[in-house]
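>>> Provided below for reference: sequence and predicted model.
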Amino acid sequence: MNLLKEDVISFVNNFDFRSENVEVGVASQAIHLHLLENGNFLKGSQNCYHKDQGAFTGELSPASLKDMEVNFSLVGHSERRQYFKEETDELIEKTKSALKSGLKVVFCIGESLDQFESRKTNEVIKEQLNSLLSTFKSSDDILIAYEPVWAIGTGKVATIETIKEVTEFISSLLAEHNLNYPILYGGSVKPQNSSEIAQIESVQGVLVGGASLQAENFMKICSTFDS
């Protein structure tokens, strides 16, 4: 929940990364979606509801997002899970509605610091993914984003080895279901570490937080995947 109108306009005007190898998307606050129309990237929502219409004041209809030419929505971002107590069953319903409306879905998963330190990462990841993998047998419109809660906005950074191990585990779970969803990594991604992350075979992209607020930094991160 960052940037005012003029900041968003400046970002769009200054973002000039172009590549046939890298697909870029920006998920702004809902009130700023219309300002992204001329941007050189896909337009995304940070959230959506599991109903297309009705008496659900304040929520975001997937059908309305699609009508505004939004391309994708995040579902289950760590902050939605942590602060708004969103549970897996609700997130599956959101995913169903988003896909039905023609939106791509970036389905976010990740463990807390306590879970990480208790070596429960794989257990948590499997629980968060199981319902998704059993519900959606195949889809070209789902991406999985691994974002450890403990590495977001805390200054803590997951090591390359940790990112590699967890994303390889996610990849193995997908393989068990004969699925091949792209896997993104999110968690204090910045220009300084994006090159190393891009070299991990089990990572196909990144979900960038604070480092994406400035067009210059975001373009540097995008360029590390341009090969």
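Here it is on my side, so go on.

>>> and the spatially closest residue to Gly25 that is not a sequence neighbour, how many neighbours?
Excluding the flanking residues, the one nearest Gly25 by C-beta to C-beta, 6 or more residues apart in numbering is Leu42, at 3.8 Å. The way it works is simple: take the backbone N, C-alpha and C, and place the C-beta from them, glycine included. Leu42: 16 surrounding residues under other C-beta atoms under 10 Å.

>>> give me phi/psi at Leu42?
The phi and psi torsions at Leu42 (degrees, to the nearest 10) take the values phi -70, psi 150.

>>> where's the closest residue to Gln128 other than its chain neighbours relative to Thr224, distance?
With C-beta to C-beta, 6+ apart as the criterion, Gln128 has its nearest non-adjacent residue at 4.2 Å, and that residue is Ile109. The gap separating Ile109 from Thr224 is 23 Å, by C-beta to C-beta, to the nearest Å.

>>> these two: which is more packed in?
Ile109 (23 against 18).

>>> so that one bridges to which residues?
Tyr146 (DSSP bridges).

>>> correct me if wrong: it contacts Ile125.
Yes - Ile109 is within contact range of Ile125, at 5.8 Å (criterion: C-beta atoms under 8 Å).

>>> show me what counts as buried in stretch 126-141.
Gln128, Leu129, Leu132, Leu133, Phe136 (16 or more other C-beta atoms under 10 Å).

>>> before we move on, what about stretch 31-50?
By 16+ other C-beta under 10 Å, the buried positions in stretch 31-50 come out as 32-33, 35-36, 39, 41-50.
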